[in-house]
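# Here you go, sequence then predicted model.
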Amino acid sequence: MISVTLGFASIVIFSLVYLIDFKVLHKANAAKLSSFAAGVGTVYVFIHMLPQLAHGQHVLESVFPDFHFFGSRFAIYLIALTGFVFFYMFERILSYTEQLPTEDYSTRYELYYYWTNVIFISLYSVLIGYVVGSYDLNNISYQLVYLLAYVLHFITIKWGLYHIFPEKYFKHARYPIALGLFIGYFIAYFFNISDVVLVIVEALLTGAMILNVFKHELPNEEDSKSRSFIFGLLVSTLLFMLI
């Protein structure tokens, strides 16, 4: 019961990040916030997500001992690499959207890129909601770590979408993105899907998280705020040590 409550509470918090216009974020120092998020995300990747890949590899090898691809000792890492490349290609689409000539996004051509971004992030939310609904979240310390990591991750995603199409984001985009979190969570809650599906989804998200942390959240040398980055590292490392 505790796990279900914590999982659903996490989904609600994640959705509020997308739904609510936090005025304080408009006043926040973008470089400092991004550096802090990068510090937290870096610890989360190295201490949680990479060990989860090793666990996922063990699951695949035990379930598919004779299957050439899934039985390979590199299978889960190739899946994570697929997630990395797939999200990199989406990032290229997002970058191209920023270069469109107008900010109205009213023509068929512009709406194509707009809805491509919205649908992709919504599907990404479904995957994250599914993983959250599949976790056994009885440990409060672990709950705090992953809450902090994903909230900052979502703030970074929201920030990027908002600055590309602010009016359309609050008019349309935030709702399917937030809804995707609940859809994924309830799929995991109501349907008993195998551990294989879970480890594959986690591997795809690991590739996406690695890309986002080291390409988007980690600022460049000109904007880097090393103190914020180190503070994020220390806070999340301390929380992990309490688990």
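Everything's here; your move.

# okay, now residue 14: neighbour count?
Residues contacting residue 14 under the criterion other CB atoms under 10 Å number 24. C-beta: built from backbone N, CA, C; applies to glycine.

# Ignoring the adjacent residues along the chain, who's closest to it?
residue 181 (5.3 Å; CB to CB, 6 or more residues apart in numbering).

# ok, now which ones touch that neighbour?
11, 14, 15, 125, 126, 128, 129, 132 (CB atoms under 8 Å, 6 or more residues apart in numbering).

# Which helix or strand contains the third one?
Assigned by DSSP states H and E, residue 15 belongs to helix 2-19.

# So what touches that helix?
Applying CB under 8 Å, 6+ apart, the set of residues contacting helix 2-19 is 125, 128-129, 132-133, 135-138, 143, 146-147, 150-151, 154-155, 158, 174-175, 177-179, 181-182, 185, 189.

# Type out the PyMOL command that picks the buried ones from these.
Filtering the contacts of helix 2-19 down to the buried ones (16 or more other CB atoms under 10 Å) takes a single PyMOL command:
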select buried, resi 125+128+129+132+133+135+137+143+146+147+150+151+154+155+158+174+177+178+179+181+182+185+189
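
# among the contacts of helix 2-19, which are in helices?
125, 128-129, 132-133, 143, 146-147, 150-151, 154-155, 158, 174-175, 177-179, 181-182, 185, 189 (DSSP state H).

# Now find how far off-centre the helix or strand harbouring residue 167 is within its chain.
If you go by DSSP H and E, residue 167 is part of helix 166-168. Put simply, helix 166-168 sits 22 Å off its chain's centre (CA atoms, centre = their mean, to the nearest Å).

# mind listing what's buried in that helix?
For helix 166-168, a neighbour-count test (16+ other CB under 10 Å) marks residue 168 as buried.

# again with stretch 78-98
79, 80, 81, 83, 84, 87, 90, 91, 94, 97.
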